[in-house]
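# could you work out the structure for the sequence below:
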Amino acid sequence: GPCTDLIIEKGFRRVVIGQTDPNPVAAGGLTRLRDHGIEVITGILEKESRWLNRRFNTFHEKKRPFLILKWAQSADGFVDTLRHPGANRKPSWITDESCRRLVHKWRSEEQSILAGSNTILMDNPRLNIRSWAGKNPLRISIDRRGILTAGVHKEPSGIGVPDKVLNLLDGSIPTLVYTSTKNVGEDKTEYVQISPDNPVWLQVFKDLWQRNIQSVLIEGGPTLFATLIDENLWDEARVFIGPGWFGDGVPAPKFPLEAASAEEVGNSRLIHFYR
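Reported below is the predicted structural model:
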């Protein structure tokens, strides 16, 4: 590639490489360097290099984006109180402003952000950056039942959110909605039809891979998390445990792994999990 040509052109005698490039486009570069008499040393700080390039590596090696799960849960293990679409009850805050600011920083570091249709209906999130400087990620939702539409949003049961425009569909940020129903997008919103007869996540991740989206921050909800954990479709998880006690509510996802690290952020404890 161009970098290999430039190294050869400038007459470097030695090249030290932390990790080899998993992108097939770069294949053959080391051989070309050695053929031109350049000493090539590989595997220096390889573990650290792979961690630094974990999004890029996953994208090329697994043919899907790097997947980060993020949620907050109460001290007794609930992500929310019991609510229903259309009840106009706002979500119960578990974390404080310091944690929310960190989450917005995380959003600025990833190419896309995803939330399921139930989370969109229940919380009406903006999925953008307000408490941090940076670029808004591509917004994504999976709406297999076709319940997210502009104007009136109704569940099959008839429960709806009338006269309420969903922030996800406000046209302010490029947005993808994967659905099994036909929809015509407008403004910056694009609907992508997926087959209900085939595994949904594999279709979504294949499409994102084809769009060159290398990372997704996934923010809800619990059923969506459970599916991804069960199917081993994740790479990193960031879990806030707040000080509140709900007593009852929506249970947090079960993570059958030992935490890799933990730290205090604001009023909460932040736990990290890695594949």
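# which SS class is residue 224?
For residue 224, the assignment made with DSSP: H, G, I helix; E, B strand; the rest coil gives helix.
# kindly report the same for residue 68.
Per three-state DSSP, residue 68 ends up strand.
# unless I'm mixing things up, it is touching residue 236, no?
Yes - contact status for residue 68 versus residue 236: in contact at 4.7 Å, counting by C-beta atoms under 8 Å. Backbone N, C-alpha and C define where each C-beta goes, glycine included.
# let's see the pLDDT reported for residue 162.
With respect to pLDDT, residue 162 scores 43.
# check residue 87 too.
In this model, residue 87 carries a pLDDT of 62.
# how about the helices in the stretch 51-200 of the chain?
Ranges of helices in the stretch 51-200 of the chain, per DSSP state H, counting those that start in this stretch, are 54-62, 97-109, 117-123, 200-210.
# CA atoms only for the second one - export them in CSV, please.
This file holds the C-alpha atoms of helix 97-109, laid out as CSV (Å, rounded to 0.1, in the frame of the first residue of the first chain):
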residue,chain,number,x,y,z
GLU,A,97,-24.6,14.0,36.1
SER,A,98,-21.0,12.8,36.3
CYS,A,99,-22.0,9.4,34.9
ARG,A,100,-24.2,10.9,32.2
ARG,A,101,-21.4,13.2,31.1
LEU,A,102,-19.1,10.2,30.8
VAL,A,103,-21.7,8.3,28.7
HIS,A,104,-21.9,11.3,26.3
LYS,A,105,-18.1,11.1,26.0
TRP,A,106,-18.4,7.4,25.2
ARG,A,107,-21.0,8.3,22.5
SER,A,108,-18.5,10.7,20.9
GLU,A,109,-15.9,7.9,20.7
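# give the rounded mean pLDDT of that helix.
Across helix 97-109, pLDDT averages out at 97.
# name the residues of it that are buried.
Buried residues in helix 97-109, counted by 16 or more other C-beta atoms under 10 Å: 99-100, 102-104, 106-108.
# alright, that wraps it up for me.
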